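Colleague: Here you go, sequence then predicted model.
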Amino acid sequence: MEVTARAPGKIILAGEHAVVHGYTAVASSINLYTIVSLRLRSGDEDTIKLQLNDIGLDFSWPIERIKEMLSHLGSPFSSKPTSCSLETVKSITALVDEQSFPETKIGLASGICAFLWLYTSILGFKPATVVVTSELPVGAGLGSSAAYCVALSAALLAFSDSVKLDISQKGWLMFKETDIELLNKWAFEGEKIIHGKPSGVDNSVSTFGNVIKFKSGNMARINSNMPLRMLITNTKVGRDTKALVANVSARKSRHPDAMCSVLNAIESISEEWSTIIQSHAVDDFSLTANEEKLRELMEMNQGLLLSIGVSHASIETVFQTTMKYNLASKLTGAGGGGCVLTLLPTQLSGAVKDKLVEELVSYGFQCFTAGIGGKGVQISFDGSS
């Protein structure tokens with residue numbers, strides 16, 4: 001039997017950087033997915049295989065070798081999400097180091113470690129082939145690692161005794177509420193291996209979908225009632241998230257009063273975003289009015305992010321380009337490059353959007369169109385989706 005799981009990426013609609021200092025942020029799922037297919041094997045097969053299709057890398061470990069290195073784990077403990085101990089991290093790292101990594105892909109090693117931890121914890125030492133494909137660019141601030149951990153956890157749990165799924169149903173299935181909480185906790189453990197100290201926002205958005213409001217470690221799931229579309233522009237400019245966060249903190253230390261005012265303003269924008277997208281537009285006029293409010297909020301938000309030093313020439317190029325079409329843009333995530341969001345109003349013609357995309361692509365950027373606030377992780381059996 002084969003199971004396929006898909007998990008969406010995420011964007012920060014408002015509140016990036018401010019959230020680090022205890023202010024509100026609003027994040028949303030997007031309908032771009034990472035897909036994990038898992039096929040258990042029997043007979044003479046005695047390996048666990050991982051195929052990363054988008055980057056052309058395949059990995060394979062003999063079951064006996066994994067047992068030799070991880071025998072201290074004992075039986076699978078799929079119902080008890082557990083952090084990977086330092087001893088186990090060392091053993092898993094040794095298994096990953098035995099694989100051939102191209103020099104340019106060495107940064108993916110932590111993701112392979114997360115795979116081995118989640119796999120052996122949830123399914124033990126059963127032979128299988130796992131295939132990963134994704135519509136999300138890696139390292140662009142769209143939650144690609146979280147979507148990977150969520151989809152992987154979903155596929156693994158589907159074959160465990162810890163969740164109940166009706167395998168006779170066709171199409172994409174949702175997990176029950178209690179099961180999805182378990183899934184989210186496992187995905188968070190994978191994220192910790194990759195990032196060290198993640199906030200938990202990315203995996204939660206990917207797991208539950210829709211929109212999440214986050215402040216000081218507390219998350220609230222909210223329902224968006226607006227059919228919003230975003231143009232996501234990947235500047236392809238790499239950025240150092242830790243350095244950007246540190247620079248904002250240093251600026252806050254140097255200018256506490258001014259920075260407090262800026263961060264308070266960003267929080268006000270986050271709260272207004274949350275209120276607007278939950279409201280019901282009674283007609284097209286009301287919808288257009290709400291979209292105009294969001295356009296203004298995005299414009300203000302980008303100006304505030306520029307003022308705290310996290311914008312970049314590439315981001316400003318996108319901002320200035322979209323302004324020519326009377327569209328507002330803002331960076332999403334850490335800034336310093338990465339991705340930029342542009343709100344696409346309901347009444348915007350396809351011809352105008354195509355012209356904008358053509359202009360942005362001429363700068364060397366990559367563009368995606370995505371709906372926001374859709375469903376979270378889903379599962380399908382035997383290719384029925």
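Modeller: Structure received.
Colleague: hey, where'd the strands end up in the stretch 201-350 of the chain?
Modeller: Under the criterion DSSP state E, counting those that start in this stretch, the stretch 201-350 of the chain contains strands at 211-215, 218-222, 229-234, 329-332, 339-344.
Colleague: Which residue lies nearest the spatial centre of the protein?
Modeller: Ranked by distance to the mean C-alpha position of the chain (CA atoms, centre = their mean), the top residue is residue 143 at 2.0 Å.
Colleague: who touches the nearest residue to residue 84 once chain neighbours are set aside in this structure?
Modeller: Counting by CB to CB, 6 or more residues apart in numbering, the nearest residue to residue 84 once its immediate chain neighbours are dropped is residue 117, at 4.8 Å. Every residue, glycine included, has its C-beta placed from N, CA and C. Residues near residue 117 by CB atoms under 8 Å, 6 or more residues apart in numbering: 84, 88, 92, 189, 190, 193.
Colleague: what about residue 117, which helix or strand?
Modeller: Using DSSP states H and E, the secondary-structure element containing residue 117 is helix 109-123.
Colleague: List the buried residues of that helix.
Modeller: Burial within helix 109-123, assessed by neighbour count using 16 or more other CB atoms under 10 Å, is assigned to 110-123.
Colleague: same thing with stretch 179-198?
Modeller: Using 16+ other CB under 10 Å, the residues of stretch 179-198 that count as buried are 179-180, 182-195, 198.
Colleague: ditto for stretch 279-286
Modeller: Judged by neighbour count using 16+ other CB under 10 Å, the buried positions of stretch 279-286 are residue 281.
Colleague: what sits up against that stretch?
Modeller: With contact meaning CB under 8 Å, 6+ apart, stretch 279-286 is reached by 225, 226, 287, 289, 290, 346, 347.
Colleague: Repeat the analysis, applying 7 Å as the threshold.
Modeller: Residues from elsewhere that reach stretch 279-286, judged by CB atoms under 7 Å, 6 or more residues apart in numbering: 225, 226, 287, 290.
Colleague: Among these, which lie within helices?
Modeller: When helices are assigned by DSSP state H, the members of those inside them are 287, 290.
Colleague: one step back: once you drop chain neighbours, what's closest to the residue nearest to the centre of the chain?
Modeller: For residue 143, the closest residue by CB to CB, 6+ apart turns out to be residue 10, at 3.8 Å.
Colleague: The one you found should be in a strand, yeah?
Modeller: Yes: using DSSP: H, G, I helix; E, B strand; the rest coil, the secondary structure at residue 10 is a strand.
Colleague: Pull the number of nearby residues for it.
Modeller: 30 (other CB atoms under 10 Å).
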